[in-house]
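> got a predicted structure plus its sequence, pasted below:
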Amino acid sequence: MARRERVMRMSVEQPLWRALTAYRLLTMLYAIGLYVSAYEEFVRPWVANGYFAVLVVWTLATLPRVANAASCTKRFLTADLTVALAGILLTPVAVAHSRIIEGGPTLPSIWTAGAVLAYAIKGGWRWAAFASLLVGVANVVQRGAFSRDTLHNVLLVCIASIAIGYVVEVARASERTLARALEIEAATRERERLARDIHDGVLQVLAMVQRRGTAVGGEAAELGRLAGEQEVALRTLVAGGLVPTSRASEDASQGALVRAVEVPDEDQDEARGSATPCDLRSLLAPHAGARVSLAEPGAPVLLAPVAAKELAAAVSAALDNVRRHAGEDARAWILVEDEPDAVIVTVRDDGPGIPEGRLAQAEGEGRLGVAQSIRGRLRDIGGTAELVSVPGQGAEVELTVPKVSRGKAGSGR
């Protein structure tokens with residue numbers, strides 16, 4: 001059966017790259033504005049003109065480089081920081097010394113912070129600290145002395161970039177953890193689905209072969225014993241995990257990338273809710289017999305096809321449990337109630353009931369009939385399963401499915 005994959009990307013750092021792109025453009029315009037407003041103070045304006053020509057071309061040409069982590073390579077970061085440092089070191093050449101003494105801005109001004117922030121977003125707080133240190137040294141060199149204003153500017157850029165770099169690292173780690181959790185959940189769901197199918201088919205047959213073989217005796221008893229061993233082994237495998245955790249997840253710049261397997265093609269229309277509703281009565285009718293009584297409404301009980309099939313399978317699993325644990329002579333009753341907002345199916349028997357704590361013990365032994373074939377099915381379609389049992393008075397399973405079910409029947413996942 002063909003299946004398709006879809007990819008879910010989760011990346012909190014992508015908005016940071018978009019913000020950095022806007023920051024570089026705005027700070028480029030700001031630096032040019034400062035230059036134009038203080039043009040008379042430049043002793044060598046041709047130096048500033050040349051630098052700003054390079055700055056404009058470089059900023060506009062490298063916008064795609066700061067669009068995402070993959071495009072922002074180490075070579076680009078090195079060249080970008082070089083442009084910023086060159087502008088700082090060229091400031092004493094282009095402007096009067098008095099402007100530098102008065103604490104005037106460098107040629108690139110706050111555009112320099114954009115180069116440092118690119119290091120922070122790409123490589124984290126350690127890369128940010130390295131770039132900040134180089135910018136700080138360049139500022140001290142161009143001023144010729146270590147001043148309070150220089151210290152203030154350097155610390156501001158350093159602290160901001162390191163903080164952003166640290167936040168990016170934490171966000172990437174959180175995304176990887178979330179992606180892993182989603183993977184495990186998907187694998188667990190698939191394991192439970194397979195466990196239900198195995199329980200409804202193979203395990204039931206093996207259990208029947210064991211019982212019949214033991215009853216017949218002779219060579220059939222040996223066959224029954226082997227079937228019993230295989231049943232135990234298979235139950236252990238089902239309880240321990242049939243599907244290993246997928247390795248499909250990857251990192252996009254260490255952001256999470258999860259491949260989720262979609263439902264089969266033939267179920268797509270049903271999952272979108274466009275399939276024709278199914279009459280639940282037609283699915284439950286085959287269960288009626290000498291030992292099973294079926295009470296149902298006179299009008300059709302309509303449910304989404306997936307929900308109807310899963311509900312019918314849960315009823316079948318409940319009846320299997322009756323035959324297995326209450327005996328072949330036990331009677332069972334199925335009651336179907338079509339409420340305005342939900343369909344309720346009750347399966348009751350006249351067996352000895354279930355001792356307290358037996359379900360938890362059975363689940364621990366790998367017997368997952370109630371846990372997976374009944375409760376698991378109902379949970380997957382947004383329903384609930386309630387089991388009530390009084391020792392000596394039989395057991396009753398109430399299955400409730402909302403008319404607009406969550407899960408597979410209604411979400412269109």
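Okay, I see it.
> low-confidence stretches in the stretch 301-413 of the chain?
Where the stretch 301-413 of the chain drops to pLDDT under 70, the residues are 355-373, 405-413.
> report the central residue of this structure.
Central residue of the chain (Cα atoms, centre = their mean): Leu182, 3.8 Å from the mean position.
> quick one: average pLDDT of the helix or strand harbouring it?
Per DSSP states H and E: Leu182 is located in helix 148-198. When pLDDT is averaged over helix 148-198, the result is 76.
> which ones are touching Thr177?
For Thr177, the contact set (Cβ atoms under 8 Å, 6 or more residues apart in numbering) is empty. Glycine gets a C-beta too; all of them are placed from N, C-alpha and C.
> from Ile184, how far out is it?
In this view, Thr177 and Ile184 are 11 Å apart by Cβ to Cβ, to the nearest Å.
> bridged to the closest residue to Arg375 other than its chain neighbours, which residues?
Of all residues not flanking Arg375 in the chain, Ala385 sits nearest, at 4.6 Å (Cβ to Cβ, 6 or more residues apart in numbering). Beta-bridge pairing of Ala385 under DSSP bridges involves Leu399.
> what about Ala385, how many neighbours?
22 (other Cβ atoms under 10 Å).
> doesn't Leu399 make contact with it?
Yes. Using Cβ atoms under 8 Å, Ala385 is in contact with Leu399, at 5.4 Å.
> need the overlap of contacts for those two.
Common neighbours of Ala385 and Leu399 (criterion: Cβ under 8 Å, 6+ apart): Ala314, Ile374, Leu378.
> what ranges do the helices span in the stretch 1-150 of the chain?
Counting by DSSP state H, counting those that start in this stretch, residue ranges of the helices within the stretch 1-150 of the chain are 14-37, 45-61, 74-94, 97-101, 111-123, 125-143, 148-198.
> same check, this time on the stretch 251-400 of the chain
Under DSSP H, counting those that start in this stretch, the stretch 251-400 of the chain gives helices at 268-271, 280-284, 305-321, 358-364, 377-380.
> take those and lay them out in JSON lines including mean neighbour count and distance to Leu25.
Formatted as JSON lines, the helices of the stretch 251-400 of the chain follow (neighbours: other Cβ atoms under 10 Å; distance: least, Cβ to Cβ, whole Å):
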{"stretch": "helix 268-271", "mean neighbour count": "18", "distance to Leu25": "44"}
{"stretch": "helix 280-284", "mean neighbour count": "19", "distance to Leu25": "61"}
{"stretch": "helix 305-321", "mean neighbour count": "23", "distance to Leu25": "51"}
{"stretch": "helix 358-364", "mean neighbour count": "13", "distance to Leu25": "60"}
{"stretch": "helix 377-380", "mean neighbour count": "22", "distance to Leu25": "50"}
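> could you dump those helices to TSV with distance to Leu16?
TSV is the format used below for those (distance: least, Cβ to Cβ, whole Å):
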stretch	distance to Leu16
helix 268-271	35
helix 280-284	52
helix 305-321	41
helix 358-364	46
helix 377-380	38
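> what's the closest of these to Ala215?
helix 305-321 (18.7 Å; Cβ to Cβ).
> which elements pack onto that closest one?
When contacts are defined as 3 or more Cβ pairs under 8 Å, 6 or more residues apart in numbering; DSSP states H and E, helix 305-321 packs onto helix 268-271, strand 278-279, helix 280-284, strand 342-349, helix 377-380, strand 395-402, helix 407-410.
> swap in 7 Å and give it another go.
helix 280-284, strand 342-349, helix 377-380, strand 395-402, helix 407-410 (3 or more Cβ pairs under 7 Å, 6 or more residues apart in numbering; DSSP states H and E).
> reformat these as JSON lines; add distance to Ser293.
Below are those laid out as JSON lines (distance: least, Cβ to Cβ, whole Å):
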{"stretch": "helix 280-284", "distance to Ser293": "12"}
{"stretch": "strand 342-349", "distance to Ser293": "10"}
{"stretch": "helix 377-380", "distance to Ser293": "22"}
{"stretch": "strand 395-402", "distance to Ser293": "14"}
{"stretch": "helix 407-410", "distance to Ser293": "28"}
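> nearest to Arg44, out of these?
From these, taking Cβ to Cβ, the stretch that ends up closest is helix 407-410, at 71.9 Å.
> circling back: for the helices of the stretch 251-400 of the chain, which one sits closest to Gly217?
Proximity to Gly217 (Cβ to Cβ) singles out helix 305-321 among the helices of the stretch 251-400 of the chain, at 25.2 Å.
> circling back to that earlier point, next SSE after the helix holding Leu182?
Next in sequence after helix 148-198, counting helices and strands by DSSP H and E, comes helix 204-216.
> between the helices and strands packed on helix 305-321, which one is closest to Gly50.
Of all those, it is helix 407-410 that lies closest to Gly50, at 65.0 Å by Cβ to Cβ.
> using CSV, write out every CA atom in stretch 173-186.
Taking Å, rounded to 0.1, in the frame of the first residue of the first chain, the C-alpha atoms of stretch 173-186 are listed here in CSV:
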residue,chain,number,x,y,z
ALA,A,173,18.3,21.9,21.7
SER,A,174,14.6,22.3,22.5
GLU,A,175,13.6,21.8,18.9
ARG,A,176,15.7,18.6,18.7
THR,A,177,14.1,17.3,21.9
LEU,A,178,10.6,18.1,20.6
ALA,A,179,11.3,16.4,17.3
ARG,A,180,12.6,13.3,19.1
ALA,A,181,9.5,13.3,21.2
LEU,A,182,7.2,13.5,18.1
GLU,A,183,9.2,10.7,16.6
ILE,A,184,8.8,8.5,19.6
GLU,A,185,5.1,9.2,19.8
ALA,A,186,4.6,8.3,16.1
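> so which bits of that stretch are buried?
Within stretch 173-186, the residues that count as buried by 16 or more other Cβ atoms under 10 Å are Glu175, Arg176, Ala179, Leu182, Glu183, Ala186.
> name whatever forms a beta bridge with Thr346.
Under the criterion used (DSSP bridges), Thr346 bridges to Leu335, Glu398.
> check contacts around it.
By Cβ atoms under 7 Å, 6 or more residues apart in numbering, Thr346 lies in contact with Leu335, Glu396, Glu398.
> again, only this time at 8 Å
By Cβ under 8 Å, 6+ apart, Thr346 lies in contact with Trp333, Ile334, Leu335, Glu337, Glu396, Val397, Glu398, Leu399.
> measure the residue nearest to the centre of the chain to Trp127 for me?
On the measure of Cβ to Cβ, Leu182 and Trp127 end up 29 Å apart.
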